[in-house]
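> this one's structure only:
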């Protein structure tokens, strides 16, 4: 039955809307929609009341934070605004009274059926005693596991930290640069202060010394600009140094020139923590860690290091604002140090948010200017809104808080969808269903099942153990990557540097220049120049649906383990990744598929290979074909199947040099070679993969099918993603095989 709201709820909801309008913060799209329902005197359904009670119960702790009450600093806080949007204290009391009444009615209903229940209990009494004993043991075991995981904090996650490149020794002829990679400078993490121990026994340098470790741009695995040739641990300075060699493709050349000119001066290392030991109060030392890649970065996480700042070299004598003074235990540090550390941490977060917003609206130069001038995040937001007009800053986001994103559980929603008559399961998943409804409204698309918001997908691969935020197992923004990154890492076209377009809606038309203006000589004084106009065209992208599914048992579905949640997420994302990747590579353009590179009209198709394995000359001919069309720039790479790659490793370039088509560093013809069994045997691709556009529309649609395999107790989870593929310039690519 519908329930009528109260005047007290209306007053607080209106107050929340007014605050939201005045301050531009607090609450989410879900909260705003709820406030409008309350203010407009709409009767609310039982499901909505249940969701309201769930919201208030989850966020009651926000009332203890500073700024919640009038007169406190920061009033009204984000939590106070969100609380008001849902109807405030009046709404909490109202929803609680209704839920209490409903529960009482259900209890009376259960009592009426007591004879049946009593019989069931009697029959199962002995079995329940046994189960309860097992549950006690299971809880004890789980508690032990949690304690063990909490001790490790960041295992199996990827972290980064920045260094200055002021020590760089540059050899322009060989394109080699010797740089400082890491030091024992403290870095603030979610769990406290992290220090990387620089003893030889603490660092696993096997991968970095293998000659295969990548040199990346901004930690982006699709932007490999070189390779780490060797590393050297300077034990006296407690510093790791590396010699890196830049590639010869367009992007690598540009970055190398900037490094040589002193424009790009920040280096960052990506690493995994294997063991973390507590050293002091909220201070942890990584006594076993593995560096995985080195990156040239624009904005370091720690602004106190960089070109011209020698503090990195003299940590013991010239402490930076976030350094921990080693002569005293942590508990004796003055409060000012904590204040400085928090300020540095906050500044880094604001800088990251400024660049994220700028990237969404193609305003990077505006962001760089704002950061260089020391403008705050609020100032930048205001300036950005003036520039983009009425366009929303976060067109595809719901505005979920960090805590709400962490608490969003795919498995909780799956359990509720698979058991629609289970009241407890429906109540537990109230938040997930509320977020799904809001996402459908924002994206303008109706989900077949549950719509996972982009806010959550952005954190899809970010799972970590943490005790500082909520005192339990939570997801934490601890490593790079989001749902699109997961797709990219599992595929070939996206790994080669395809351009990802996110947040699309409806048909998209992208303008392109198909022919440029041409100049001409004037034959005589006073003569007229010939008319020459550029020709423009369009590339269109249309929403298409790609699907994937995974089967899980009912027993697995009942688990609340983070590992199970991650298993389902990874299964679905990998399956979608391979489907989208194959569509971008060789989609037929029919039967719902996009038109992939292989079937795009106008791509370069040199004379077919003479045999199943191409010669070095045939490999080079593909590069030449692209170069002749002035398209040899951007993310250039070869993509080929494993069988061809293996054969080319033993195929000599000529009869005398002893060199093979696949170089010792794994490259081909000086370009990155990406091996993927997505590629049909005998096929070889080359080109600028930045001209392959992959568009992602809205969130991820999850449906649950408990019926197809119900006899075996298996539940099928189906994921549907709306996406499309387009090739910006056909001549940017070359494709060939033996024609067989």
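Yes, it's here. Just so we're clear, the structure is a prediction, and the values are computed from it rather than from any experiment.
> From now on I want contacts and neighbour counts done on CA atoms only, so please keep to that.
Will do.
> Leaving out the residues flanking it, which one is nearest to residue 204?
residue 290 (4.9 Å; C-alpha to C-alpha, 6 or more residues apart in numbering).
> give me phi/psi at that neighbour?
phi -130, psi 110 (degrees, to the nearest 10).
> There's contact between it and residue 203 in this structure, I believe.
Yes. Counting by C-alpha atoms under 8 Å, residue 290 sits close enough to residue 203 to count as a contact (5.9 Å).
> Can you give me the distance of the residue lying closest to residue 556 once chain neighbours are set aside to residue 558?
With sequence-adjacent residues excluded and distances taken as C-alpha to C-alpha, 6+ apart, residue 556 is closest to residue 564, at 7.5 Å. If you measure residue 564 against residue 558 using C-alpha to C-alpha, to the nearest Å, the figure is 10 Å.
> For residue 622, what is the enclosing helix or strand?
Using DSSP states H and E, residue 622 falls within helix 616-628.
> mind listing what the helix or strand just after that helix pairs with, with the direction of each?
Next helix or strand after helix 616-628 toward the C-terminus (DSSP H and E): strand 636-640. As defined by DSSP bridges, the strand partners of strand 636-640 come to strand 672-675 (parallel), strand 684-688 (antiparallel).
> Report the angle between the longest one and helix 616-628.
Which is strand 684-688. Counting by axes from the mean of the first three to the mean of the last three C-alpha atoms, to 10 degrees, strand 684-688 lies at 30 degrees to helix 616-628.
> Give me the next element, helix or strand, following strand 684-688.
Assignment by DSSP H and E places the next element after strand 684-688 at strand 692-705.
> Can you list the helices and strands that that next one packs against?
Judged by 3 or more C-alpha pairs under 8 Å, 6 or more residues apart in numbering; DSSP states H and E, the packing partners of strand 692-705 are helix 410-418, helix 430-443, strand 450-452, helix 454-457, strand 499-504, strand 714-727.
> Using JSON lines, lay out those together with mean neighbour count.
Shown next, in JSON lines, are these (neighbours: other C-alpha atoms under 10 Å):
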{"stretch": "helix 410-418", "mean neighbour count": "21"}
{"stretch": "helix 430-443", "mean neighbour count": "21"}
{"stretch": "strand 450-452", "mean neighbour count": "26"}
{"stretch": "helix 454-457", "mean neighbour count": "22"}
{"stretch": "strand 499-504", "mean neighbour count": "18"}
{"stretch": "strand 714-727", "mean neighbour count": "22"}
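> rank those by pLDDT, which is bottom?
Per-stretch mean pLDDT for these is lowest at strand 499-504 (a mean of 76).
> Mind giving me the packing neighbours of that one?
strand 692-705.
> Tell me which of the strands paired with strand 636-640 lies nearest to residue 220.
strand 672-675 (14.6 Å; C-alpha to C-alpha).
> before we move on, back to that, which of residue 564 and residue 558 has more neighbours?
The neighbour count for residue 564 versus residue 558, taken as other C-alpha atoms under 10 Å, is higher for residue 564 (16 against 13).
> The stretch 251-400 of the chain: helices as residue ranges?
335-360, 364-372, 377-388 (DSSP state H, counting those that start in this stretch).
> Repeat that for the stretch 501-650 of the chain.
So, for the stretch 501-650 of the chain - with DSSP H, counting those that start in this stretch - the helices run 554-557, 562-586, 616-628, 642-648.
> Rebuild the ones you listed as a markdown table, extending it with distance to residue 71.
Shown next, in a markdown table, are the helices of the stretch 501-650 of the chain (distance: least, C-alpha to C-alpha, whole Å):
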| stretch | distance to residue 71 |
| --- | --- |
| helix 554-557 | 48 |
| helix 562-586 | 41 |
| helix 616-628 | 67 |
| helix 642-648 | 67 |
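> most neighbours per residue, which of the ones you listed?
helix 562-586 (a mean of 20; mean count of other C-alpha atoms under 10 Å).
> Quick one: mean pLDDT for the helix holding residue 622?
95.
> Check the gap between residue 42 and residue 35 for me.
Taken as C-alpha to C-alpha, the span from residue 42 to residue 35 is 10 Å.
> helices or strands up against the helix holding residue 622?
strand 684-688, strand 733-736.
> Just put those strands in TSV and tack on mean pLDDT and distance to residue 631.
Compiled in TSV, the helices and strands packed on helix 616-628 are given as follows (pLDDT from 0 to 100; distance: least, C-alpha to C-alpha, whole Å):
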stretch	mean pLDDT	distance to residue 631
strand 684-688	96	7
strand 733-736	96	8
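> If I look at the residue nearest to residue 556, what pLDDT would I see?
For residue 564, pLDDT reads 78.
> Same question for residue 739.
78.
> which regions of the stretch 101-250 of the chain lie under the pLDDT threshold?
106-168, 190-191 (pLDDT under 70).
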